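*Asks:* Here is the input, now give the coordinates:
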Amino acid sequence: MQSASTRLNVIDILAAFGRKPSYITGLDSATMALQALGQYLHGKDLPAGRKAPSLKKLGAKVMAHLPRDLSQTFSTIGGWANASSPDVVDDVRAETMSRWVTSQYPRQRYPAVMIGSSNGAAVHFCAALGIPWLPQTLLVCMKHRTDPDEPKKALEWGKPLADRLLQNNPDLAVYQMHDPNQDRLKVPSVGYFRLKRTRLGETYKLFLQENLVPGATLFLLECQNTWLSTRVSDRHFFQLGGKGGLTPEEYFEKSPKIQDFLQRNGSTHQYWDAPDPDGWLPESEWGFEPALREDVEAFAREHSFRVRRIVLDYPQDMSPFVAEFYRWWYQQRRLPISDEIPSAENRLFVESFVYLQPWWTLRLGLVPFWIVFNDQTSRDRLKNYLDSTQPYDELYMNLFSNGIRSLGIASIEEWRSILTRAQKHGQFVGINEQTYPNDMASFVRHYTELKKLKGSLPMPTPLTLDQLDQFLAEFSDRHLVRWIDAVASSSLK
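*Replies:* Below is the predicted model:
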């Protein structure tokens with residue numbers, strides 16, 4: 001029988017060679033963003049279901065025609081099947097996860113790197129500069145049968161597991177998340193543990209030392225979005241709900257809206273039996289744990305790197321900035337006009353949640369705009385951007401389908417109305433309008449249909465940091481992103 005130490009060594013070695021540790025959840029915002037950017041820096045796209053494309057394609061066709069109840073059942077079973085046994089907490093190691101992260105990128109000299117919060121728009125920012133991103137947060141899901149409307153019991157189940165995980169990982173904090181609204185199909189069988197780095201760790205430090213040019217820039221992406229949460233211990237936090245259509249406060253209310261939602265979904269409860277919140281803490285999926293900043297700045301001082309903080313209050317605040325950055329970039333490139341792409345800076349591509357395709361975005365000459373989820377807040381912020389910028393000739397959009405009409409979801413009609421704002425042409429990419437948001441096959445179709453769009457541009461060389469500064473000098477005052485040069489504050493020479 002394989003000893004625990006041998007098993008851990010094997011997982012660690014495989015992670016360094018690109019094999020994802022089984023306990024890291026694959027279909028997650030951070031993991032998908034990491035892999036999409038890693039593939040882009042290798043000069044490749046990220047096919048949906050790349051390990052078994054024919055099987056995935058067949059599965060997509062089957063899922064597209066399943067009745068809603070059966071499709072939801074498959075989603076629940078799939079969530080349970082892809083989760084790990086609770087005993088996996090004894091295998092989790094921060095440095096092993098970091099070795100897998102860094103294995104995704106080409107070994108070469110970069111002028112900069114991004115570290116910190118998960119963010120779909122930031123993937124396109126990094127692609128434009130040709131730089132890697134080191135995530136602060138990764139997700140581990142563990143099998144657990146529970147009533148989704150009894151979060152107190154979910155917390156009690158998670159306490160000993162979080163304690164065991166934290167004993168082996170002094171550089172991590174555990175943000176246990178339980179969302180009975182948007183993740184309702186998964187939480188009856190799966191417990192969510194988002195692991196946030198509080199220090200860089202030796203693997204990240206070694207990667208930076210070996211792959212950055214002298215005097216390189218460390219972009220520290222800090223999403224300061226917070227959530228009403230419960231502090232369980234010094235490094236274990238519990239969050240009820242997640243970013244989407246409900247405010248943090250609404251999850252704790254005994255409102256008619258919550259009662260009606262629970263009744264429609266066959267629950268015997270009238271509200272969510274939640275542990276009392278202690279205050280506002282970093283949001284588990286998108287929020288930045290500020291303990292990491294001090295360690296990054298100390299490392300930068302030691303190695304004469306520059307630190308530039310990119311600070312935003314809401315994850316989607318990065319999207320208007322990146323869209324305008326790409327628009328400006330296309331204008332700088334002075335691309336030849338063709339019938340297929342008469343003006344690249346006037347083709348907007350709206351990407352949703354984990355549906356990210358940086359390689360195809362540039363190949364097709366599209367301006368990326370990332371939305372957090374399929375909810376009304378994400379829709380409203382997209383509308384605000386369109387109100388504030390020059391109209392687009394073409395508008396393309398994919399939408400993440402979570403399988404349930406969760407509270408706060410935006411209807412397909414509401415999303416379609418945004419497409420009508422295109423001056424010449426607007427269309428969904430990979431969406432079955434009749435089955436959305438139960439359109440599970442969109443996970444594959446968002447990729448296969450994107451490739452069918454007209455247009456083909458040469459892949460660009462990366463923008464320089466001087467070009468970024470030129471753009472910031474012209475446009476930074478128009479956006480919600482705050483750029484803070486940490487050189488003076490950290491006494492960096």
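*Asks:* Which parts of this structure belong to which domain?
*Replies:* 4-312, 318-452 (automatic domain parsing).
*Asks:* which one of the ones you listed lies closest to Gln467?
*Replies:* Taking CB to CB, domain 318-452 is the member of the domains of the chain nearest to Gln467, at 7.4 Å. For glycine as for every other residue, the C-beta is placed from the backbone atoms N, C-alpha and C.
*Asks:* end-to-end on that closest one?
*Replies:* Using CA to CA, to the nearest Å, the end-to-end distance of domain 318-452 comes to 28 Å.
*Asks:* same deal with stretch 38-48?
*Replies:* End-to-end distance for stretch 38-48: 15 Å, by CA to CA.
*Asks:* Where is the longest strand in the protein?
*Replies:* Longest strand in the chain, counting residues (DSSP state E): strand 212-223.
*Asks:* For the very next helix or strand once past that strand, give the mean pLDDT please.
*Replies:* Sequence order places strand 226-231 as the next helix or strand after strand 212-223, per DSSP states H and E. The average pLDDT for strand 226-231 rounds to 98.
*Asks:* Let's see strand 226-231 as PDB, backbone CA atoms only.
*Replies:* The C-alpha trace of strand 226-231 is given here as PDB (Å, rounded to 0.1, in the frame of the first residue of the first chain):
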ATOM      1  CA  THR A 226     -16.400  42.100   0.300                       C
ATOM      2  CA  TRP A 227     -19.200  39.900   1.600                       C
ATOM      3  CA  LEU A 228     -21.100  39.600   4.800                       C
ATOM      4  CA  SER A 229     -19.400  36.500   6.300                       C
ATOM      5  CA  THR A 230     -18.700  34.500   9.500                       C
ATOM      6  CA  ARG A 231     -15.200  34.300  10.900                       C
END
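*Asks:* Report the distance from that strand to the chain centre.
*Replies:* Taking CA atoms, centre = their mean, to the nearest Å, the mean C-alpha location of strand 226-231 is offset from the chain mean by 20 Å.
*Asks:* ok, and for that strand, which residues are buried?
*Replies:* Trp227, Leu228, Ser229, Thr230 (16 or more other CB atoms under 10 Å).
*Asks:* do stretch 469-480 as well
*Replies:* Neighbour-count burial for stretch 469-480 flags Phe471, His479 (criterion: 16+ other CB under 10 Å).
*Asks:* same question for that stretch, mean pLDDT?
*Replies:* 87.
*Asks:* hey, least reliable of the domains of the chain by pLDDT?
*Replies:* domain 4-312 (a mean of 91).
*Asks:* Please look at Ala128 and Glu324 and confirm they touch.
*Replies:* No - here Ala128 does not reach Glu324: they are 11.8 Å apart, not a contact under CB atoms under 8 Å.
*Asks:* Show me what the longest strand of the chain is packed up against.
*Replies:* strand 110-116, helix 291-303, strand 306-312 (3 or more CB pairs under 8 Å, 6 or more residues apart in numbering; DSSP states H and E).
*Asks:* Looking at those, which one is packed in the most?
*Replies:* Of the helices and strands packed on strand 212-223, the one with the most neighbours on average (mean count of other CB atoms under 10 Å) is strand 110-116, at a mean of 22.
*Asks:* Mind listing the strands that one pairs with, and their directions?
*Replies:* Using DSSP bridges, strand 110-116 pairs in its sheet with strand 133-135 (parallel), strand 212-223 (parallel).
*Asks:* Show me what the shortest one is in contact with.
*Replies:* By that I understand strand 133-135. Applying CB atoms under 8 Å, 6 or more residues apart in numbering, the contact partners of strand 133-135 are 30, 33-34, 37, 98, 101-102, 113-116, 118, 122-123, 126, 204, 207, 221.
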